[in-house]
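> based on what follows, work out the 3D shape:
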Amino acid sequence: MVSNSSLEQAIDKILEKTEKEILSDLENSASTSKKTLDDSLPILEQEYDQIISNGKKEADKIEKQITGSSDLEARNKQLTTVEESIDKVFTKALDEIANTDRSGDYSNLIKSLLEESTKTLGTTDVIVFTNSKDRDTVQSALSQYSGAELSSETIECLGGVKVKSKDGAMTFDNTLDAKIERLKPLIRKDIATQFGVSN
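Have a look, this model is predicted:
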């Protein structure tokens, strides 16, 4: 029979051996973990730097989008304001034209509109249409053009003339309304440029 003392010694040896193995394993594990951690540190730092860099890029991108959106909104408001002002000016100008005295300078305007119209059509053999206010002024100006006659029909316009060749092949709208419509885009562009805004 094994004595208690021998048994205790055997157990102590086994415990001591196990303790040494466990401590050795722990030291190895700690050493391996430290090496793994040391090896991972540069990779983690690189990933951290990449995350920060990507975050900054994204922040810059968002800032540019916000700034761009604000610039676009401001430009659109500016365009709208200029457009509204231009419309007011046109409305006022059209009102003044409609109420213009039909003598003097206006008579000269009618003559130049007739001359431009007959040159454009390449003939004086024309029928001329105008509104009721301009009939007398146009009739007076037509005396210089052989073959030209004033239509008995009136047209709706601010003023000016619409000229049609007697064979009906060509028509030239030289009413003030048509001239204004042709000039509107140029006037709008010029005004917008004056205010540093372009469409």
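
> got phi/psi on M170?
The phi/psi pair for M170 (degrees, to the nearest 10) reads phi -130, psi 150.

> distance check, the spatially closest residue to it that is not a sequence neighbour against T175.
Leaving aside its chain neighbours, M170 sits nearest to L121 (5.0 Å; criterion: CB to CB, 6 or more residues apart in numbering). Placement of C-beta: from N, CA and C, glycine included. Shown here: L121 relative to T175, a distance of 15 Å by CB to CB, to the nearest Å.

> between the two, who's got more neighbours?
Applying other CB atoms under 10 Å to L121 and T175 shows that T175 carries more neighbours, namely 23 against 18.

> give me the pLDDT value at the more buried one.
Looking at T175, its pLDDT stands at 92.

> pLDDT (mean, whole number) over the longest helix seen in the chain?
Once the chain is assigned using DSSP state H, the helix that runs over the most residues is helix 4-98. Helix 4-98 shows a mean pLDDT of 74.

> which secondary structure element is home to N174?
Assigned by DSSP states H and E, N174 belongs to strand 171-175.

> show me what that strand is packed against.
helix 105-121, strand 160-165 (3 or more CB pairs under 8 Å, 6 or more residues apart in numbering; DSSP states H and E).

> okay, the angle between the helix or strand just after that strand and helix 4-98?
Counting by DSSP H and E, the next helix or strand C-terminal to strand 171-175 is helix 176-194. With axes from the mean of the first three to the mean of the last three CA atoms, to 10 degrees as the basis, helix 176-194 and helix 4-98 are set at 140 degrees to each other.

> identify the residues contacting I97.
L158, G159, L176 (CB atoms under 8 Å, 6 or more residues apart in numbering).

> ok, it to E21 distance?
In terms of CB to CB, I97 sits 109 Å off from E21.

> likewise for E116?
For E116 relative to E21 (CB to CB), the value is 113 Å.

> and these two? Which one has more around it.
Using other CB under 10 Å, the more surrounded residue of E116 and E21 is E116, with 15 against 10.

> dig out what the residue lying closest to the more buried one once chain neighbours are set aside forms beta bridges with.
Nearest in space to E116, with sequence neighbours left out and distances taken as CB to CB, 6+ apart, is N174 at 6.1 Å. Judged by DSSP bridges, the bridge partners of N174 are V161.

> count of residues packed around N174?
N174 has 25 nearby residues by other CB under 10 Å.

> write the PyMOL selection for whichever of the contacts of I97 are buried.
Here is the PyMOL selection string for the buried members of those, based on 16 or more other CB atoms under 10 Å:
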select buried, resi 158+159+176
